[in-house]
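Peer 1: using only what follows, build the 3D model:
(one chain, ligands or ions: 2)
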Amino acid sequence: MMGMFCRRCRSLMPPNSKRCMACGAPINPNDISNQSSLDGIGPKKKPVEFIAEENKDAPYLPYKPRGCQMDIISDIRNALDEGRHIIIESGTGTGKTIVSLAAGLEHARKTGKKIVYLTRTISQSDQVMRELKAISRIKQVSGLTVTGRNKSCSLFRGTQDYESLSPKVLSMMCEDKRSKSIRGAAGGCRYYDRIKTEIDNVLNYLLNNFPTSDELDRYCERIGVCPYEMKKQLMKKVDVVAVPYVHILSSDIRTTLLANLGLEDSPESILLIVDEAHNLVDAARDQESFVINRDMVDNAIDECSTMKGNPTVWMEVELKDFLGYFKNSIRNVATEKLGLNEKEVVLTDDYIEKRMMIKFGMKSQDLDAAIEKVMDYGEARTELLMERGENRVSEIQSLGVAMRDWCSSASDRFVR
Ligand code: SF4
Ligand SMILES: [Zn+2]
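Peer 2: Ligands and ions are numbered 1, 2, ... in the order given. Presented below is the predicted three-dimensional model:
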């Protein structure tokens, strides 16, 4: 395919552009910049050849350059040096992973930045490790693939319901085990206990073998340490960390990632490479979307009846009445807002919130406080369930969180 790049600012142009969308420079179709033209590297995969000695113009490229790989590397270099973003479009098998790593590492080494490589699939993360291994023939580099706890908890894997545990529940179960381990109390996690003694061992294995995600998990299991917690410790020690999209898209997970990298106060020290970035919009939408359905509300209301006393959420308003009226308000959306034969409607006002506030005589901050209270009750319930070994999140908590999200979704970032 042919890429059209602005001669002045080298931004990528949509086909047939008359002017650069970034800097406004006129574009003459006969005058396409060959700076980054991707013409000439087709999808056919030629075997790669390793180089015999360092390529002065691309010190981190371990192969003989193909097609316009050198052009792309120099484009990335220029963009990074000038503090710009860069988008690269290139066919399958043209070596996107290796050129982005080669150019990225050069910049990261110069500036002390850490590379976070966002991928959609684990196999793409594994590809990052393979390319790093190739680079390690000529330069000292290191990398690590990170996956969720759900894929690598040695302690709970194999227990009943492990596959269906939500990440949140697993995280709470793990936290409980870890805190016991840290305190030296009984009932901790033996895989966590061994991290300190095995960290050098695993780091060595990592630096010498560039294992795929699975291989690293297996290795950790063999020596009896928790792969997930081990990776958290190792993140700071490597040049490149390959993680799934969600590690940047979800604000909670992103905060944890930055903390694990030791960069919570300087996210600008990250050089972010997004693989297959055209998926990012869909992934972000999925990440931010949520649903409240009748079952959730009914289950939460049922759970109220198992609670002692009549807990209140605001003034004299009882929890079960509050949730009951929430359900009533949702149902009212259907009767009042949906036309005949209509299955969906876009809410343009705060219909549900307003209805709740009128019913209970609340101001908007009172409603927020009441929902906060719902979440508190739910959290206490969840702890109780965990203590009883039921390994699930309270329905009241799930609904409370969803209600909070609903109230904060009244903005043009959301369609309700
Ligand atoms: S420390 Fe690791 S093995 Fe232990 S419970 Fe947590 S995730 Fe599971
Ligand atoms: Zn331009």
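Peer 1: and residue 291, how many neighbours does it have?
Peer 2: Residue 291 is flanked by 6 other residues according to other Cβ atoms under 10 Å. All C-beta spots, glycine's among them, are computed from the backbone N, C-alpha and C.
Peer 1: just use 41 as the starting number from now, easier for me
Peer 2: With 41 as the first residue, the last one maps to residue 331.
Peer 1: what about the residue nearest the centre of the chain, distance to ligand 2?
Peer 2: Nearest residue to the geometric centre of the chain (Cα atoms, centre = their mean): residue 286, 1.5 Å. Distance, residue 286 to ligand 2, by Cβ to the ion, to the nearest Å: 33 Å.
Peer 1: what's the spacing between the residue nearest to that residue when sequence neighbours are not counted and residue 311?
Peer 2: The spatial neighbour of residue 286 that comes closest, neighbours along the chain excluded (Cβ to Cβ, 6 or more residues apart in numbering), is residue 293 at 5.9 Å. Distance from residue 293 to residue 311, counting by Cβ to Cβ, to the nearest Å: 19 Å.
Peer 1: surely the residue nearest to residue 286 and residue 287 touch.
Peer 2: Yes - counting by Cβ atoms under 8 Å, residue 287 is a contact partner of residue 293 at 5.1 Å.
Peer 1: the more surrounded of those two?
Peer 2: Set side by side, residue 293 and residue 287 show more neighbours around residue 287, with 21 against 17, by other Cβ under 10 Å.
Peer 1: so which elements touch the helix or strand containing the more buried one?
Peer 2: Counting by DSSP states H and E, the element that carries residue 287 is helix 286-289. Counting contacts by 3 or more Cβ pairs under 8 Å, 6 or more residues apart in numbering; DSSP states H and E, helix 286-289 is packed against strand 154-159, helix 291-301, helix 320-328.
Peer 1: make JSON lines out of these and add mean pLDDT and distance to ligand 1.
Peer 2: What follows is the helices and strands packed on helix 286-289, written out as JSON lines (pLDDT from 0 to 100; distance: least, Cβ to the nearest ligand atom, whole Å):
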{"stretch": "strand 154-159", "mean pLDDT": "97", "distance to ligand 1": "22"}
{"stretch": "helix 291-301", "mean pLDDT": "93", "distance to ligand 1": "13"}
{"stretch": "helix 320-328", "mean pLDDT": "91", "distance to ligand 1": "23"}
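Peer 1: who wins for proximity to residue 250 among those?
Peer 2: strand 154-159 (13.5 Å; Cβ to Cβ).
Peer 1: for the protein, give me the ranges with low pLDDT.
Peer 2: Along the chain, the parts satisfying pLDDT under 70 run over 41-44, 46-51, 53-55, 61-63, 68-87.
Peer 1: now do the contacts for residue 164.
Peer 2: Applying Cβ atoms under 8 Å, 6 or more residues apart in numbering to residue 164 gives the contacts 137, 282, 315-316.
Peer 1: separation between it and ligand 1?
Peer 2: 24 Å (Cβ to the nearest ligand atom, to the nearest Å).
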